[in-house]
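Chemist: Test case, fold it:
(2 chains)
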Amino acid sequence: SAVISQKPSRDICQRGTSLTIQCQVDSQVTMMFWYRQQPGQSLTLIATANQGSEATYESGFVIDKFPISRPNLTFSTLTVSNMSPEDSSIYLCSAHGGNTEAFFGQGTRLTVV
Amino acid sequence: GEDVEQSLFLSVREGDSSVINCTYTDSSSTYLYWYKQEPGAGLQLLTYIFSNMDMKQDQRLTVLLNKKDKHLSLRIADTQTGDSAIYFCAEKGDSGAGSYQLTFGKGTKLSVIP
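Modeler: Residues are numbered from 1 along each chain as shown, chains lettered A, B, ... in the order given. Purely as a prediction, here's the structure:
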């Protein structure tokens, strides 16, 4: 199994600022994803983090708002830009090592005030 | 798009069995997953089942899959207070080479009464 570390685990941010969330996997993985979980809701996929190329965004999410980096097979970052209170959510990093198991980080709980 | 449905709440007494149900619409689903989320925590992978299986057992957990009806269930035997959490059902479709995206249900909040 893969162990995924996310940081920060939580943050309270002022509106209009940006926050970068880091995701580190303890082994090389094929795919990395970023999800958002709004209060009381299920998980919504934001984007697939592609190693060495631009991320693939889902409908409703854009690069300017959620820039993503993936410089290698074990690390990715998600930035939440120009934050507003509507961005208050849990942000989760996920990794797949092969074709079966999908693992998640512990999440970053973001509150925008 | 594909859809995954779960009931939102389940309450059981400690020591009883819990059964959490899930239905999905994607007929090309290859893997189906159950995740557990405790308050303030991320998602913990509990178990998964390949679509050509109809049952998988792992200690207190039993997963049943009815592929014809697109119905998945998670049975927790001898439910304990530590099992109180939100349980998410997720499916992975087969939308081409390299597709690993999961579609999640809204989660079932399991409350265990001592």
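
Chemist: near chain B, which residues of chain A?
Modeler: A:1, A:6, A:30-31, A:33, A:41-43, A:45, A:48, A:92, A:94, A:96, A:99-107, A:109 (C-beta under 8 Å from any C-beta of the partner chain). Just so you know, the C-beta spots here come from the backbone N, C-alpha and C atoms, and that holds for glycine as well.

Chemist: residues in contact with B:Ser27?
Modeler: B:Ser27 makes contacts with B:Lys70, as judged by C-beta atoms under 8 Å, 6 or more residues apart in numbering or on different chains.

Chemist: separation between it and chain A?
Modeler: 19 Å (C-beta to the nearest C-beta, to the nearest Å).

Chemist: re the thing from before, take the residues of chain A next to chain B and keep only those in strands.
Modeler: A:6, A:31, A:33, A:43, A:45, A:48, A:92, A:94, A:96, A:102-104, A:109 (DSSP state E).

Chemist: now those residues in JSON lines, with neighbour count and pLDDT?
Modeler: Output for these, formatted as JSON lines (neighbours: other C-beta atoms under 10 Å in any protein chain shown; pLDDT from 0 to 100):
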{"residue": "A:Gln6", "neighbour count": "20", "pLDDT": "96"}
{"residue": "A:Met31", "neighbour count": "21", "pLDDT": "86"}
{"residue": "A:Phe33", "neighbour count": "26", "pLDDT": "94"}
{"residue": "A:Leu43", "neighbour count": "26", "pLDDT": "92"}
{"residue": "A:Leu45", "neighbour count": "19", "pLDDT": "92"}
{"residue": "A:Thr48", "neighbour count": "20", "pLDDT": "93"}
{"residue": "A:Leu92", "neighbour count": "25", "pLDDT": "96"}
{"residue": "A:Ser94", "neighbour count": "27", "pLDDT": "94"}
{"residue": "A:His96", "neighbour count": "20", "pLDDT": "84"}
{"residue": "A:Ala102", "neighbour count": "25", "pLDDT": "86"}
{"residue": "A:Phe103", "neighbour count": "20", "pLDDT": "90"}
{"residue": "A:Phe104", "neighbour count": "24", "pLDDT": "92"}
{"residue": "A:Arg109", "neighbour count": "18", "pLDDT": "95"}
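
Chemist: since we're on A:Thr26, how many residues are nearby?
Modeler: Slight slip there: residue A:26 is Asp, not Thr. The number of residues packed around A:Asp26, counting by other C-beta atoms under 10 Å in any protein chain shown, is 12.

Chemist: Pop out the phi and psi values for it.
Modeler: When read as degrees, to the nearest 10, the backbone of A:Asp26 gives phi -80, psi 0.

Chemist: Point out where chain A drops to low pLDDT.
Modeler: Applying pLDDT under 70 to chain A picks out residues A:98-99.

Chemist: which residue is nearest the centroid of it?
Modeler: A:Trp34 (3.5 Å; C-alpha atoms, centre = their mean).

Chemist: Relative to A:Thr44, how far out is that residue?
Modeler: To A:Thr44, A:Trp34 is 10 Å away according to C-beta to C-beta, to the nearest Å.

Chemist: which residues in chain B form strands?
Modeler: Under DSSP E, chain B gives strands at B:4-6, B:9-13, B:18-24, B:31-37, B:44-50, B:55-58, B:61-66, B:71-76, B:85-92, B:102-104, B:108-113.

Chemist: Thanks a lot, catch you later.
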